[in-house]
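*Asks:* Next one to model:
(2 chains)
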Amino acid sequence: MPSFQTTPGTRDILPPQAGRWREFTRVFASVVESAGFECFVPPMFEELGVFQRLGDATDVVTKEMYDFTDKGGRHIALRPEHTASVCRAFAQHRPTPPWKVWYSGSNFRYEKAQAGRYRQFDQVGIEALGADDPQLDVEVIALGWQFYAELGLRNVQLIINSLGDAGDRGRYVDALEKYFRSRITELSEEAQQTLDRNPLRVLDSKREQDAAVIADAPSISAFLSDDAASHFVAVRAGLDALDVPYVVNERLVRGLDYYRRTTFEYIATSLDNAQNAVGGGGRYDGLVEDLGGPATPGIGFALGIDRTLMACDAEEVFPFGSPVIDVFIVDTVDGTRATALAHSLRQAGFATDRAYEGRSMKSQMKAADRSGAGVAIIIGGTEAEEGTCTVRNLSTSEQTTIPVGELQSHLQSVVGPREPRRRPS
RNA sequence: GUGGUCGUAGCUCAGCCCGGUUAGAGCGCUAGGUUGUGGCCCUAGAGGUCGGGGGUUCAAGUCCCCUCGAUCACCCCA
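*Replies:* Model (predicted):
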C-alpha cells in the first residue's frame, strides 16, 4: 500500500486549530467591514503576466512562481499574493471608485519552508483603489492596527516609510547603487549579489557585516518630490491624530517592486525568529495601469495568518478552538432515539452530538464529557418505556428526568435561548 | 538554492556515544473495577517492518553511505 503525506511546505490545519483560523477570519471581516470594505474572491490562478508586474527583480516572480501551461496552451500561475488580482479585477470590471475590498485565502510561492513560511500560506488583507487621499492611507493603516488590537496583541510595532513617486524612487535607487558601489568591498558577498539585482533590497540585509555600510547610506527622504513629501506628512499627522503609534524607518523597503509613496509593516516584537513581519503593505499607484486599466491609485495591506497566530501564541492571546456543542445524547437502547432526538434538537437550534455503535453507558458518558457539552441527555431502558429522558448537567452533576415533550423548553432554561434553524412556513 | 540540527507507538520522548535475549515510558485510545452515569484513581489491552534504501558485522534502533522528510538560519517574504 502506498502511503502519502503533505508535500513540502504544505500542511493540514487540523481541528481545533482550524476553528481558530476561522475565528481569525471572522474577526478580520468584522473589523474591515465596519469600515466599508466588501468581500472579494478572486480566482486562485491567473495568466502569468498578471503577476509579473510584481517586479522582474523579485524572487517571487523569478524563482518562486508556481506556473504551468494549461490544456489550452495558456501560461498560468497560482497566485503568489492577492494585490495583483485585485488590480486586474479593477481593470477588468471598472467598478466605481473608491473600490474598497477585503479578501482571505491561500497564496503559493515555491520556497523552502521554515517557521512562519510555507509554500501555501494564507493571508487576509484589504485594498482600496481609486483615491490617493492620504486620509485613506491613514484609514488603511489604522484598520490593520485595530485588528491586531482586537486579537489582543500588545507587542506589535508599526513601521512606516515613503518610497516617493516613480521618478523619486528611480533617482534614489541610482544614488543608492552609486553609494554601495563605492563601498562594495565592505559588503557581504550576498549583499553584492543583491546589489546587482535590486539596490533597494540591500537595505534589508540582516547580516552584521552590512550594517555599517547601510547605516551611512543615503536616505529616501532627501529624494522625495514635494507632492510625495507632503503626502507623507499628512499620513503621519493623521496617524498622530488617531493615536496610532508608529516609527518612521527610512530603511523599510518592501519586497515587491510596485510600491510607491506610503509603505508600512507590522512587526511582532514578541517573535524572535526571522519571520516577525506579520503584515505589510503600501501604495501601488500605477499597478492598475500596468495591468491595462486606467491610471488608478491604490493602497492596501496583507497579513499572514500563520505569523499573526504565532504572535498570538507568544503573547498567549486569542485562544480560540473549535466551537463546542450544547448537548450530547447518550442512548443505551439502540441508538435510534438518539438519531430522532438529535434531529429535532438541531432543528430547534441546539448544537447536538451523540455516540455511535451502541457503546456502554460509561463509554458514552466519557464521550459526552470529552465533547465539551454542558448537558448530557440520557435515554436508557426506563426512559424509553416512559417516554422520558434524563437531563444531566455535566458541570454540576445534577440531573432530572422529564417527559421528552418538555425537553426543548427545559434546555432553553439550562443552556440558554436558541433560534430554530428553519422557521415554520 | 546554501548550510546546521533532527527523524523510535496517534502525540511528547528515553534507548544510539560504549552494536548482543520478546524495543520502553508518559499522555491519548479501548475495555474492566460500578447490577444504567463522565471528570480523579486502579487494572488490563490494542497500537511500532525504530522515515526509506544500501553497506559493515556472527549480530544494526544503535556504526557508515545515499535518499526522503522535518526543523532552524541564510536568502526571500506575509
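*Asks:* And stretch A:211-219, what's buried?
*Replies:* Of all the residues in stretch A:211-219, those buried under the rule 16 or more other CB atoms under 10 Å are A:V213, A:I214, A:A217. Where C-beta positions appear, they are placed from N, C-alpha and C, glycine not excepted.
*Asks:* Need the residues that contact that stretch.
*Replies:* A:172, A:175-176, A:179-180, A:183, A:186-187, A:202-203, A:205, A:250-251 (CB atoms under 8 Å, 6 or more residues apart in numbering).
*Asks:* Ok, stretch A:9-25 next?
*Replies:* A:6, A:104, A:110-113, A:118-120, A:122, A:124, A:151, A:305, A:308-309, A:318, A:320-323.
*Asks:* avg pLDDT for that stretch?
*Replies:* Averaging pLDDT along stretch A:9-25 gives 93.
*Asks:* Stretch A:132-142 now?
*Replies:* Averaged over stretch A:132-142, pLDDT sits at 97.
*Asks:* Just the CA coordinates for it, please, in PDB.
*Replies:* What follows is stretch A:132-142, C-alpha atoms only, in PDB (Å, rounded to 0.1, in the frame of the first residue of the first chain):
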ATOM      1  CA  ASP A 132      -4.800  58.900  -3.500                       C
ATOM      2  CA  ASP A 133      -6.100  60.900  -0.500                       C
ATOM      3  CA  PRO A 134      -3.600  60.500   2.400                       C
ATOM      4  CA  GLN A 135      -6.600  60.100   4.700                       C
ATOM      5  CA  LEU A 136      -7.200  56.800   3.000                       C
ATOM      6  CA  ASP A 137      -3.600  55.700   3.800                       C
ATOM      7  CA  VAL A 138      -4.400  56.600   7.400                       C
ATOM      8  CA  GLU A 139      -7.600  54.600   7.400                       C
ATOM      9  CA  VAL A 140      -6.000  51.500   5.900                       C
ATOM     10  CA  ILE A 141      -3.000  51.600   8.300                       C
ATOM     11  CA  ALA A 142      -5.200  52.200  11.300                       C
END
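*Asks:* quick one: the strands in the stretch 101-250 of chain A?
*Replies:* Here the stretch 101-250 of chain A has its strands, by DSSP state E, counting those that start in this stretch, at A:120-129, A:156-162, A:247-248.
*Asks:* Could you export these as CSV, including distance to RNA strand B?
*Replies:* Shown next, in CSV, are these (distance: least, CB to the nearest atom of the strand, whole Å):
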stretch, distance to RNA strand B
strand A:120-129, 3
strand A:156-162, 11
strand A:247-248, 16
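*Asks:* Looking at those strands, which one is packed in the most?
*Replies:* Of all those, strand A:120-129 carries the top mean neighbour count, a mean of 23, counting by mean count of other CB atoms under 10 Å.
*Asks:* Which strands or helices does it pack on?
*Replies:* Applying 3 or more CB pairs under 8 Å, 6 or more residues apart in numbering; DSSP states H and E, we find strand A:120-129 packed against helix A:17-33, helix A:83-93, strand A:99-108, helix A:134-151, strand A:298-304, helix A:305-315.
*Asks:* in the longest one, what counts as buried?
*Replies:* I take that to be helix A:134-151. A:134, A:136-145, A:147-148, A:151.
*Asks:* Equivalent analysis for the first one, please.
*Replies:* Using 16+ other CB under 10 Å as the burial criterion, the residues of helix A:17-33 that qualify are A:G19, A:R20, A:W21, A:E23, A:F24, A:V27, A:F28, A:A29, A:V31, A:V32.
*Asks:* got it, and the second one?
*Replies:* Within helix A:83-93, the residues that count as buried by 16+ other CB under 10 Å are A:T83, A:A84, A:S85, A:V86, A:C87, A:R88, A:A89, A:F90, A:A91.
*Asks:* Columns pLDDT and distance to A:I329 on top of these, output as JSON lines?
*Replies:* JSON lines is the format used below for the buried residues of helix A:83-93 (pLDDT from 0 to 100; distance: CB to CB, whole Å):
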{"residue": "A:T83", "pLDDT": "95", "distance to A:I329": "49"}
{"residue": "A:A84", "pLDDT": "95", "distance to A:I329": "50"}
{"residue": "A:S85", "pLDDT": "96", "distance to A:I329": "46"}
{"residue": "A:V86", "pLDDT": "97", "distance to A:I329": "47"}
{"residue": "A:C87", "pLDDT": "96", "distance to A:I329": "52"}
{"residue": "A:R88", "pLDDT": "96", "distance to A:I329": "51"}
{"residue": "A:A89", "pLDDT": "97", "distance to A:I329": "48"}
{"residue": "A:F90", "pLDDT": "97", "distance to A:I329": "52"}
{"residue": "A:A91", "pLDDT": "96", "distance to A:I329": "55"}
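*Asks:* Cool, thanks, talk later.
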